[in-house]
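Chemist: Give me a 3D structure for the following:
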Amino acid sequence: MSSQRPVLIFDSGLGGLTVLREARYLLPYETLVYVADDAAFPIGRWPEAELKSRILTLFADLVAVHDPKAVVIACNTAFTLAGEALRRAHPGVPFVGTVPAIKPAAEQTSSGLISVLATPGTVRRTYTRSLIDSFASQCHVRLVGSDTLAVLAEKHLRGSEVSDEELLSEIADCFLEQEARRTDIVVLACTHYPFLANRFRKIAPWPVDWLDPAEAIARQLVRVLGDDAAIAPSLVPDRALFTSNPREAGLSRLLSGFGLVLEDIKMR
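Modeler: The predicted model follows:
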């Protein structure tokens, strides 16, 4: 039965947990399998052809082994690069993607100055530029790519020290003053970044809205599942699978706080 098949939530590391948290709130009876390709983290530094091939190969196994009722790609870099190819490769599986929230930012801005904080891969992607052209042509959109912010977010989430100075150096370029106007919205175009949003608010040179895509992604998952959404609790625990098959007690404790049991990933 479709209600017993899991929903896969995929990211390169821990960032997609922001999406899992919202999905569980809106779909409390779904069986969720969180998949992190941590062996490739951070994926924003990979050459595009190699990364796309890796994602397609990984999903050939994931879909065959887990037979998911839907897949959430909780990663801007992965989805903007490989989303359409994944849909072509698995036409029977609904894929819910993650793209920079440029359209809602353009609708909500008062100053017309928007920044998109992302990984370098998302910044240079044609997909991102097309979103700007389609939905924010009337705005000034600054793309800010960070090589290390996702890594800092993982360190922060795992309890390691991350200084304000480290974070400020990564977000400083988001803040633009132009003709008595200031940036008023920063799009968090990586699912890792919302874990740092409270830190960002404290160190920002002036208040802005930090757009977190997690809730919108979860709402889209609800729409995609429709009548296939589970209506009764499952006896199968929600699981987390990491491609490096880590043996870290601290990671297991962290994931248990999100209601996940860490298991070894299984491939064909």
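Chemist: Can you show me the helices along the stretch 151-268 of the chain?
Modeler: Applying DSSP state H, counting those that start in this stretch to the stretch 151-268 of the chain gives helices spanning 164-171, 197-203, 214-225, 249-256.
Chemist: Packing partners of the first one?
Modeler: Read it as helix 164-171. With contacts defined as 3 or more CB pairs under 8 Å, 6 or more residues apart in numbering; DSSP states H and E, the packing partners of helix 164-171 are helix 149-157, helix 197-203. C-beta: built from backbone N, CA, C; applies to glycine.
Chemist: Same list (those helices) but as JSON lines, adding mean neighbour count and mean pLDDT.
Modeler: Shown next, in JSON lines, are these (neighbours: other CB atoms under 10 Å; pLDDT from 0 to 100):
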{"stretch": "helix 149-157", "mean neighbour count": "21", "mean pLDDT": "92"}
{"stretch": "helix 197-203", "mean neighbour count": "14", "mean pLDDT": "96"}
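Chemist: out of the ones you listed, nearest to Met267?
Modeler: helix 149-157 (23.9 Å; CB to CB).
Chemist: next one: the closest one to chain centre, how far?
Modeler: Distance, stretch centre to chain centre, for helix 149-157: 13 Å (CA atoms, centre = their mean, to the nearest Å).
Chemist: Counting by contacts, list what that helix packs against.
Modeler: helix 164-171.
Chemist: From Val123, how far off is Arg129?
Modeler: For Arg129, the distance to Val123 equals 9 Å [CB to CB, to the nearest Å].
Chemist: what does Val7 give?
Modeler: Per CB to CB, Val7 is found 29 Å from Val123.
Chemist: Which residue of these two possesses the greater neighbour count?
Modeler: More crowded of Val7 and Val123, by other CB atoms under 10 Å: Val7, with 28 against 20.
Chemist: Do I have it right that the more buried one meets Thr31?
Modeler: Yes: between Val7 and Thr31 a contact is recorded at 7.0 Å, counting by CB atoms under 8 Å.
Chemist: List the residues that contact Leu255.
Modeler: The contact partners of Leu255, by CB atoms under 8 Å, 6 or more residues apart in numbering, come to Tyr34, Ala240, Val261, Leu262.
Chemist: And for Asp212?
Modeler: So Asp212 contacts Thr18, Leu188, Pro194, Ala197 (CB under 8 Å, 6+ apart).
Chemist: do that again at 6 Å, thanks
Modeler: Going by CB atoms under 6 Å, 6 or more residues apart in numbering, Asp212 touches Leu188, Pro194.
Chemist: Redo the helices and strands packed on helix 164-171 as TSV? Include distance to Phe41.
Modeler: Listed next are the helices and strands packed on helix 164-171 as TSV, based on distance: least, CB to CB, whole Å:
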stretch	distance to Phe41
helix 149-157	8
helix 197-203	20
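Chemist: Tell me which of these sits nearest to Ala106.
Modeler: helix 197-203 (20.2 Å).
Chemist: circling back: quick one, which of the contacts of Leu255 are buried?
Modeler: Those of the contacts of Leu255 that meet the buried threshold are Tyr34, Ala240, Leu262, by 16 or more other CB atoms under 10 Å.
Chemist: residues near Arg247, how many?
Modeler: Around Arg247 there are 9 residues (other CB under 10 Å).
Chemist: What's the per-residue pLDDT of it here?
Modeler: At Arg247, the model reports a pLDDT of 84.
Chemist: Can you tell me how far it is from Leu262?
Modeler: 9 Å.
Chemist: returning to what we had before: which one of the helices of the stretch 151-268 of the chain has the poorest average confidence?
Modeler: Ranked by mean pLDDT, the helices of the stretch 151-268 of the chain end with helix 249-256 at the bottom, a mean of 91.
Chemist: how about that helix as PDB, C-alpha atoms only?
Modeler: Below are the C-alpha coordinates for helix 249-256, written out as PDB (Å, rounded to 0.1, in the frame of the first residue of the first chain):
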ATOM      1  CA  ALA A 249      27.700   8.600  19.100                       C
ATOM      2  CA  GLY A 250      27.200  12.300  19.000                       C
ATOM      3  CA  LEU A 251      25.600  12.200  15.600                       C
ATOM      4  CA  SER A 252      23.200   9.400  16.800                       C
ATOM      5  CA  ARG A 253      22.200  11.600  19.800                       C
ATOM      6  CA  LEU A 254      21.700  14.600  17.500                       C
ATOM      7  CA  LEU A 255      19.500  12.700  15.100                       C
ATOM      8  CA  SER A 256      17.500  11.100  17.900                       C
END
